[in-house]
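Student: 3D model of this:
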Amino acid sequence: MEAQATEGLLRFFRAIPDPRARNARHPLGDILTVAILGVLCGAEGWAAVEAWGRGNLEWLSTFLKLPHGIPTHDTFDRVFALLDPLAFEKCFQAWTAALMKYSGELFVAVDGKTLRRSFRRAWSKTPVHLVSAFVCTNQLVLGQVATDCKSNEITAIPKLLAMLNLANATVSIDAMGCQKEIAAQILGQKAHYILAVKENQPSLYQKVQRLMDEAILEDFKDLRHGRWQESTEAHGRRERRCLWVSDEVQWLGKELLGEWQGLAGLVAVERTRQDLGDLSGKVTRERSYFITSHPGTDARRLAEGIRQHWAVENQLHWCLDVQLNEDQSRMRVKRGAENFSRLRRITLNKLKRWEIKKENGKVMQAGLRHKQQACGWSRRFLLEALLA
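Tutor: Predicted structure coming up:
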């Protein structure tokens, strides 16, 4: 049973080339297995992975070779620092592709996150910055690529997109990725885009802002448009979100339309928020602008895609930082921080799909940290999580 559970996951990672000499003491497959299982059970560093492995040596020996026992934490550190991150990433994406089962429209949010304590020297302050592709609907990380700093997201996003099968999906990116080349690449991969527009594209931003603000003021007189509005009240605040879209993009002018391939719609989103605990009744209002390649004026579809992109902060970045404690990781040797982050995302993808069920069949409400602890406490839970 144990061999079957680990085999289903690890067969995707056998293609990773071993960076060590042929006379290495520990098989790479054993190192990967112990590392993945250790992080799944809550290990936050290599010393914890080693300790978990030594505590479960007898059980691990029933389905792993382990000719020299559990590797030391220094061995884990060296091996993962030397592993080719792109090879690891390709195997990770092959695994996530096998997990992907969704019949509705696919929205892929691309966003960046910094590993705050991963800088090599305190005075240099150059931490690892990762760009991830995330499907909010089924809580799945599709892939990630590291950059040297946040400004290089512009070069990392095309690399990440090129690795993914995006056919018929809608890709949403914040203003950093609002680039002509990225828009063209998304269309070339048979997908649609929703791109946030801000001052980093001054000509486009000023034109879109002026056109949409005037149209909203005049209630889109004589302009084809769509509108969608929704209101929520939770967490001590009342929020109203209103989206307008118009497909009359010819008002941008031939020059801008010629630069932005596939541009078919202009979008404005207004968020109005009131804190219910504020006795002054103060209301804040902000408006954001987007461009899209989706034809027509289906405001509800665009609202769903934009809302799912905003959810990346809560459903991915917050989970990694708070529940998996990623920001406190101090790994700084070569590619160690980047490769360990993939172990966390393997854990995230698995635990998001696993439900702890009670004796009566009902699902127990449990966060990621609770699920990690459950895997560490019970081998039955660990195997259920692996087979999820």
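Student: helix or strand for residue 211, which one?
Tutor: helix 202-217 (DSSP states H and E).
Student: Show residues contacting stretch 214-222.
Tutor: 223, 225, 244, 246, 268 (C-beta atoms under 8 Å, 6 or more residues apart in numbering). C-betas here are computed from N, CA, C, even on glycine.
Student: May I ask which two of those residues are separated the most?
Tutor: Farthest pair in these (C-beta to C-beta) is 223 and 268. Separation: 12.4 Å.
Student: neighbour count winner among those two?
Tutor: Neighbour totals were compared for residue 223 and residue 268, and residue 268 leads with 21 against 16 (other C-beta atoms under 10 Å).
Student: Which strand residues bridge that one?
Tutor: On the basis of DSSP bridges, residue 268 is bridged to residue 244, residue 289.
Student: Report the residue spans of this structure with pLDDT below the cut-off.
Tutor: Within the chain, the segments meeting pLDDT under 70 span 1-5, 101-104, 116-127, 148-151, 279, 327-334.
Student: List just the nearest of the contacts of stretch 214-222 to residue 172.
Tutor: Nearest to residue 172 among the contacts of stretch 214-222 is residue 268, at 15.6 Å by C-beta to C-beta.
Student: looking at it, residue 24 is touching residue 18, isn't it?
Tutor: Yes - using C-beta atoms under 8 Å, residue 24 is in contact with residue 18, at 6.9 Å.
Student: What are the boundaries of the strands in the chain?
Tutor: 107-115, 128-135, 140-147, 170-173, 192-197, 226-234, 237-246, 265-275, 283-292 (DSSP state E).
Student: tally of neighbours for residue 145?
Tutor: Residues near residue 145, counting by other C-beta under 10 Å: 25.
Student: wait, it sits on residue 156?
Tutor: Yes - contact status for residue 145 versus residue 156: in contact at 4.7 Å, counting by C-beta under 8 Å.
Student: Quick check: neighbours shared by these two?
Tutor: By C-beta under 8 Å, 6+ apart, the residues touching both residue 145 and residue 156 are residue 131.
Student: Identify the residues contacting the residue nearest the centre of the chain.
Tutor: For the chain, the residue sitting closest to the mean C-alpha position, by C-alpha atoms, centre = their mean, is residue 134 at 3.6 Å. By C-beta under 8 Å, 6+ apart, the contact set of residue 134 is 108-111, 140-142, 312, 315-316.
Student: What of residue 133?
Tutor: 108-110, 141-144, 160-161, 164.
Student: From residue 359, how far out is it?
Tutor: As judged by C-beta to C-beta, to the nearest Å, residue 133 and residue 359 stand 38 Å apart.
Student: ok so, going back, redo the contacts of residue 134 as a markdown table? Include neighbour count and distance to residue 41.
Tutor: As requested, the contacts of residue 134 are exported to a markdown table (neighbours: other C-beta atoms under 10 Å; distance: C-beta to C-beta, whole Å):
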| residue | neighbour count | distance to residue 41 |
| --- | --- | --- |
| 108 | 25 | 30 |
| 109 | 26 | 29 |
| 110 | 27 | 30 |
| 111 | 22 | 28 |
| 140 | 22 | 21 |
| 141 | 22 | 19 |
| 142 | 26 | 24 |
| 312 | 21 | 26 |
| 315 | 17 | 22 |
| 316 | 23 | 21 |
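Student: What is the nearest of those residues to residue 258?
Tutor: Distances from residue 258 to these, taken by C-beta to C-beta, are shortest for residue 110, at 24.9 Å.
Student: Looks like residue 252 contacts residue 211 (just checking).
Tutor: Yes - here residue 252 reaches residue 211: they are 7.3 Å apart, a contact under C-beta under 8 Å.
Student: Find residues that contact each of those two.
Tutor: Shared contacts of residue 252 and residue 211 (C-beta under 8 Å, 6+ apart): residue 266.
Student: tally of neighbours for residue 307?
Tutor: The burial count for residue 307: 16, using other C-beta under 10 Å.
Student: Could you list which residues are in contact with it?
Tutor: residue 241.
Student: Show the end-to-end separation of stretch 216-235, please.
Tutor: Counting by C-alpha to C-alpha, to the nearest Å, you get 30 Å between the two ends of stretch 216-235.
Student: typo on my end, stretch 35-49
Tutor: OK, stretch 35-49 end separation, C-alpha to C-alpha: 6 Å.
Student: what comes up buried for it?
Tutor: 35-46, 49 (16 or more other C-beta atoms under 10 Å).
Student: what does stretch 167-186 give?
Tutor: Buried residues in stretch 167-186 (16+ other C-beta under 10 Å): 169-179, 182-186.
Student: Report the two of the contacts of residue 133 separated the most.
Tutor: 141 and 161 (14.6 Å).
Student: for the buried residues of stretch 167-186, which one is nearest residue 277?
Tutor: Residue 277 lies nearest to residue 174 out of those, by C-beta to C-beta, at 29.6 Å.
Student: surely residue 275 meets residue 283?
Tutor: No - with contact defined as C-beta under 8 Å, residue 275 does not reach residue 283; the gap is 9.1 Å.
Student: So the two - more neighbours on which side?
Tutor: Between residue 275 and residue 283, counted using other C-beta under 10 Å, residue 275 has the larger neighbour count: 15 against 12.
Student: mind giving me the domain split of the protein?
Tutor: Here the domain assignment for the chain is 2-85+356-387, 178-298, based on automatic domain parsing.
Student: mind putting these in TSV, distance to residue 339 included?
Tutor: Compiled in TSV, the domains of the chain are given as follows (distance: least, C-beta to C-beta, whole Å):
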stretch	distance to residue 339
domain 2-85+356-387	5
domain 178-298	26
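Student: Would you tell me which of those domains gets closest to residue 321?
Tutor: It is, among those and with distance given as C-beta to C-beta, domain 2-85+356-387, at 11.4 Å.
Student: before we move on, the earlier item: and the helix holding residue 211, how far from the chain's centre?
Tutor: 30 Å (C-alpha atoms, centre = their mean, to the nearest Å).
Student: ok, now stretch 280-299?
Tutor: With C-alpha atoms, centre = their mean as the basis, stretch 280-299 stands 23 Å off its chain's centre.
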